[in-house]
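[1] need coordinates for the following:
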Amino acid sequence: MSGKVCAQGEQQNGTKKVSPFGGLRIVSILLYLFLQYMERSWLLKQPTMGWTGENVGYWILGSLSFCCINIYMLTTAYELVDEKIRISAVAKLWGEVFFYSLLFAVITVAAGQATVDEVFGISNILFYVFPVSSGHFWLATAYLLLLLFSPLLNKALQWMSQRHLGELTLVLLVPFSLLPSVCPTPPATDDLGMGVMWFIVLYLIAAYIKKFGMPKFEKLGLVFYFVFVAGIMLFEFLAGKIAFIFPRLDHYMAIPKQYNFIFSLFAAVAIVCFAKGRGGKSNAFSKALNRIAGYTFGIYLITDHIFVRYKWMDFLQFGEGKDPVWAHMILSVLVAFAVALCIDVVRTFLFKGISIVIRCIWKKKEKKAEE
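    Residues are numbered from 1 along each chain as shown. The predicted structure follows:
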């Protein structure tokens, strides 16, 4: 998720290459913003509730977007496989999460939208001061835990054959994806694709893609992506029909929206493999995409802060409230992306400045100690 990892180059056949996933990571965070806008504005309705053009449009866009987190984490995990993870990387990630968690809490109080006691009272202060352990940002919590596990996972991957890794991944997919996708009641292992165990499964899949590849998906991944999205749409339609006939099975209506839904996983794998198959030649455009992609985690933290997540889609007002809705949604997503990107660029420079100051102070102390 860091810019360094995302923009990391590799040497192949004498040609310098960069990550092929910069553009895809940007698309995934945009899809995430579209998904959040629709869900928090109550636009995602069951397809059986009305066949208006608007509802069908939301249905299609939602189905295209449900795999966004899987895409984001697969591309991130791909870059982490076989990489040496330093404790400083974990500390920087935690610092970024802490910075945004506290920043917008302070801004909310300063803007008069909440009192000091409401935000920093005994019962709430831990939520902002310890955002990872408190679960303020579920993606950050799961990702940081995955980062801690990654050295152990990379060590184990060194000893795994293609067959062993494939079999292990398939076995894990049964309790963590297949069963939650078909069971009429949520199994005990179901974390909705929002926990570290699901991210570990994605890590193993990313490792398989990186080490051994999936040639068919790399060639026809875009086609497979739309096939699996069609599968998501069909499942949504059938789930609505089943729930209408058998009300006790209404759980099926929520399954396609889960990140660990089997079709959402396959759609993400297909599009990631397709991007990998297109390569990552080093040029100004690909470098720019990778640079922007390095800020996407900050964009997530800003737009998903508890004081921002239900408000950013209301910042723009034109026409009658949000009408026309599609125009409002597209502009809101683009503006939120651009503003959050600028904020994270400033935050990056701030962190670099603090890092330089700390190193200078540390060097001065070392010199005094030597004297």
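
[2] for the rest of this, base every contact and every neighbour count on C-alpha atoms.
    Noted.

[3] what helix or strand does G231 sit in?
    Taking DSSP states H and E as the definition, one finds G231 inside helix 215-245.

[4] from the contact counts, what lies against that helix?
    helix 53-65, helix 262-277 (3 or more Cα pairs under 8 Å, 6 or more residues apart in numbering; DSSP states H and E).

[5] which of those has the highest mean neighbour count?
    helix 262-277 (a mean of 25; mean count of other Cα atoms under 10 Å).

[6] what's the next secondary structure element after it?
    Using DSSP H and E, the next helix or strand after helix 262-277 towards the C-terminus is helix 284-293.

[7] how far does that following helix sit from the chain's center?
    18 Å (Cα atoms, centre = their mean, to the nearest Å).

[8] for that helix, output the C-alpha coordinates as PDB.
    In PDB, the C-alpha atoms belonging to helix 284-293 read as follows (Å, rounded to 0.1, in the frame of the first residue of the first chain):
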ATOM      1  CA  ALA A 284       6.100   8.200 -17.600                       C
ATOM      2  CA  PHE A 285       2.400   7.200 -17.500                       C
ATOM      3  CA  SER A 286       2.900   4.000 -15.600                       C
ATOM      4  CA  LYS A 287       5.200   5.800 -13.100                       C
ATOM      5  CA  ALA A 288       2.600   8.400 -12.600                       C
ATOM      6  CA  LEU A 289      -0.100   5.800 -12.000                       C
ATOM      7  CA  ASN A 290       2.100   4.000  -9.500                       C
ATOM      8  CA  ARG A 291       2.900   7.200  -7.700                       C
ATOM      9  CA  ILE A 292      -0.800   8.100  -7.300                       C
ATOM     10  CA  ALA A 293      -1.600   4.500  -6.300                       C
END
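
[9] about what we covered before: got the angle for the helix holding G231 vs helix 53-65?
    130 degrees (axes from the mean of the first three to the mean of the last three Cα atoms, to 10 degrees).

[10] return the set of buried residues in helix 215-245.
    Going by neighbour count (16 or more other Cα atoms under 10 Å), the buried part of helix 215-245 is 217-219, 221-222, 224-233, 235-242.

[11] just checking, I60 touches I232?
    No: between I60 and I232 there is no contact under Cα atoms under 8 Å: 9.5 Å.

[12] quick one on the thing from earlier: pLDDT on the helix holding G231, on average?
    Computed over helix 215-245, the mean pLDDT rounds to 89.

[13] for stretch 145-157, buried residues please.
    The neighbour-count check on stretch 145-157 (16+ other Cα under 10 Å) flags 145-147, 150-151, 153-154, 157 as buried.

[14] so of those, which ones are in helices?
    Secondary structure from DSSP state H places 145-147, 150-151, 153-154, 157 of those in helices.

[15] go ahead and flag the most central residue of this structure.
    By Cα atoms, centre = their mean, the chain has its centre lying nearest to I69, at 3.9 Å.

[16] can you tell me the helix or strand for it?
    helix 68-80.

[17] residues touching that helix, excluding its own?
    1, 5-6, 19, 21, 24-25, 28-29, 31-32, 150, 199, 202-203, 205-207, 209-210, 259, 264-265, 268-269, 271-272 (Cα atoms under 8 Å, 6 or more residues apart in numbering).

[18] of those, keep whichever come out buried.
    Among these, those classed as buried by neighbour count (16+ other Cα under 10 Å) are 1, 5-6, 19, 21, 24-25, 28-29, 31-32, 150, 199, 202-203, 205-207, 209-210, 259, 264-265, 268-269, 271-272.

[19] quick one: low-confidence parts of the stretch 101-250 of the chain?
    123 (pLDDT under 70).

[20] just give me the neighbour total for W312.
    Here the number of neighbours of W312 (other Cα atoms under 10 Å) works out to 17.

[21] least confident of the helices and strands packed on helix 215-245, on average?
    helix 53-65 (a mean of 86).

[22] from the contact counts, what lies against that one?
    Checked by 3+ Cα pairs under 8 Å, 6+ apart, helix 53-65 has helix 22-40, helix 215-245 packed alongside it.

[23] how far is that helix from where the chain is centred?
    Mean C-alpha position of helix 53-65 versus that of the full chain (Cα atoms, centre = their mean) differs by 20 Å.

[24] how about stretch 329-346: buried residues?
    Using 16+ other Cα under 10 Å as the test for burial, stretch 329-346 gives 329, 332-333, 335-337, 340-341, 344-345.

[25] helices - which of these land there?
    329, 332-333, 335-337, 340-341, 344-345.
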